[in-house]
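# Have a look at this prediction, sequence included:
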Amino acid sequence: MSTAPAVAAIGWALLHFVWQGALVGCVTALALTALRNAAPQRRYAVACLGLLLCLTWPLAGLVLGLGNSPDGGKAAGALPGLAVAAGADSAAGLPAWLLAWCQGHLDWIVGLWGACTGTLALRMALGLAWIGRAGRARATDPAWQARLSQMAARFGLGRAVRLRIVDGLASPITAGWWRPVVLVPAALVAGMPPQLLEALLAHELGHVRRHDYLVNLLQNLIETLLFYHPAVWWISHRIRIEREQIADDYAAHHLGEPRRLALALSELERLQFSGHHLAQAATGGDLTARIRRLLRPGRQVLDWTAALPVLGLALACALSAHVLKPAATSVFAPAPPLVHRDTLRGVSRGPIADFSTCAKPEYPHADLNAGHQGTTTLAFLIDAEGRVAESRVERSSGYATMDDAARAAIAECRFKPGTVDGRAAAQWANVQYVWTLE
């Protein structure tokens, strides 16, 4: 099954992210464990860096794969000559079989990924549309709007923060960056003690202060693109936990009463969690752990059971890297005799290759990762001493790096020169390098 270069590059980037994401997850888990007693800002930065690496690593592989896309014509037909096969050799049957299966079904893999990504993107768009409509609504409470504006000024926020009353929410949520808005459930305005609701609004102002809405949008984008990897969801979940702790510290500092915020969170614990994850909700993270942290802050003891997920990710990383990363070795296949490009009168014998002197062609790493395959046909001149005097590409494999690797390999070969009237003479010949992963 032939696959377009762009589809192949996307497909192999997605497949390689299986082990790449596992590796990032392992490193992030170890770093967060080491920083378990550090400030939440440091853990937040580490988790954000890990999630950003989950995006940039496969993106770099995709760009590299697209950069090696075909820049010449397709190799039509084949010249007679020496056929050399440069493929991925594996001692284990399963990795080679799986690699060949993935190569043959890249279009299905990319198509399924695209369908799922499109569905999640639609869900994200609908969520943004709902938040936009709620933010434009005129349902507000003048008294609470005035109190929120006073709190924003007292906390040092240099921009106006709007307040909207919304039915059907279980917790206040913050949305928007340029014109931030806090959406407050109508049930809380009517039933929660004012001092507790004020504590929740202080928490939301912490999100506004740190521009958490923009970071959360990037999180949702990465989750949409890399939805199939558990490490992405785990790292993103840790980001939300640390973000809520930072906002809790912000509110407790400006209120001067951590206990009041803890009481407000305990009230929310009885309410249903909000399902709008595109905005920042006060119910984010583990409410019980947040309440305990506010009331009884202390050092966290290392829990060795937490190492089990890390070990699982490490094992998945090792297995995925072994399965999806083929060995960059090559073998020579039996070949027909050399055929001369020039018709010379009096030629009695053509050159003969000495395979023991030929270097095995190195499969370019970028092409190997991108799953590129093809056939390079070379014409090369063998001088009277049996050395390759020059070579050129007659028909390209479609990938310049693979063509260059073929020329580098043929340059290392030594030949018994051909003869003209019994005397050694320079002659042209053709050779094919077949690059295959199967």
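Perfect, I can see it now. Numbers count the residues shown, from 1 in each chain.
# surely Val434 meets Thr375?
Yes: judged on Cβ atoms under 8 Å, Val434 makes contact with Thr375 at a distance of 5.1 Å. C-beta: built from backbone N, CA, C; applies to glycine.
# what's the pLDDT at Trp144?
Looking at Trp144, its pLDDT is 90.
# Could you list which residues are in contact with it?
By Cβ atoms under 8 Å, 6 or more residues apart in numbering, Trp144 lies in contact with 163, 184, 189, 197, 201.
# coming back round to it: can you pull the residues that touch both of Val434 and Thr375?
Common contacts of Val434 and Thr375 (Cβ under 8 Å, 6+ apart): none found.
# in stretch 396-414, what counts as buried?
By neighbour count with 16 or more other Cβ atoms under 10 Å, stretch 396-414 contains the buried residues 396-403, 405-407, 409-410, 413-414.
# thinking again about what came up before, got the contacts of Trp144 as CSV, with pLDDT and secondary structure columns?
Output for the contacts of Trp144, formatted as CSV (pLDDT from 0 to 100; DSSP: H, G, I helix; E, B strand; the rest coil):
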residue, pLDDT, secondary structure
Leu163, 91, strand
Val184, 87, strand
Val189, 84, helix
Leu197, 89, helix
Leu201, 92, helix
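# What is the nearest of those residues to Glu269?
For the contacts of Trp144, the residue nearest Glu269 by Cβ to Cβ is Leu197; the value is 15.1 Å.
# Now do the contacts for the nearest residue to that closest one once chain neighbours are set aside.
Spatial nearest neighbour of Leu197, excluding adjacent residues (Cβ to Cβ, 6 or more residues apart in numbering): Leu188 at 5.7 Å. Going by Cβ under 8 Å, 6+ apart, Leu188 touches 171-172, 197, 200.
# next one: Asp367
68, 399, 401-402, 435.
# returning to what we had before: confirm the residue nearest to Leu197 sits in a strand?
No: read with DSSP: H, G, I helix; E, B strand; the rest coil, Leu188 is helix and lies in no strand.
# Can you give me the pLDDT of it?
84.
# and it, how far is that from Cys413?
80 Å (Cβ to Cβ, to the nearest Å).
# okay, the contacts of Trp144 in a markdown table with distance to His211 and neighbour count next?
A markdown table is the format used below for these (distance: Cβ to Cβ, whole Å; neighbours: other Cβ atoms under 10 Å):
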| residue | distance to His211 | neighbour count |
| --- | --- | --- |
| Leu163 | 19 | 22 |
| Val184 | 20 | 26 |
| Val189 | 26 | 16 |
| Leu197 | 24 | 20 |
| Leu201 | 18 | 25 |
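# Now those residues in CSV, please, with extra columns for distance to Trp19.
CSV is the format used below for these (distance: Cβ to Cβ, whole Å):
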residue, distance to Trp19
Leu163, 47
Val184, 45
Val189, 50
Leu197, 48
Leu201, 44
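# Quick one: the strands in the stretch 151-300 of the chain, in order.
Per DSSP state E, counting those that start in this stretch, the stretch 151-300 of the chain carries strands over the ranges 162-166, 173-175, 181-185, 280-281.
# Quick check: which of those is nearest to Trp101?
Of the strands of the stretch 151-300 of the chain, nearest to Trp101 by Cβ to Cβ is strand 280-281, at 42.8 Å.
# what about stretch 178-192, distance to the chain center?
36 Å (Cα atoms, centre = their mean, to the nearest Å).
# wait, what's in contact with Ala379?
Contacts of Ala379 (Cβ under 8 Å, 6+ apart): 341, 391-392, 394, 428-430.
# I'd say Gln41 and Ile246 touch.
Yes: between Gln41 and Ile246 a contact is recorded at 6.0 Å, counting by Cβ under 8 Å.
# Of the two, give the one with the bigger neighbour count.
Ile246 (20 against 14; other Cβ atoms under 10 Å).
# Identify the residue nearest that one in space, chain neighbours excluded?
Spatially, and ignoring its direct neighbours in sequence, Ile246 is nearest to Pro40 (5.0 Å; Cβ to Cβ, 6+ apart).
# any idea how far Phe17 is from that neighbour?
If you measure Pro40 against Phe17 using Cβ to Cβ, the figure is 28 Å.
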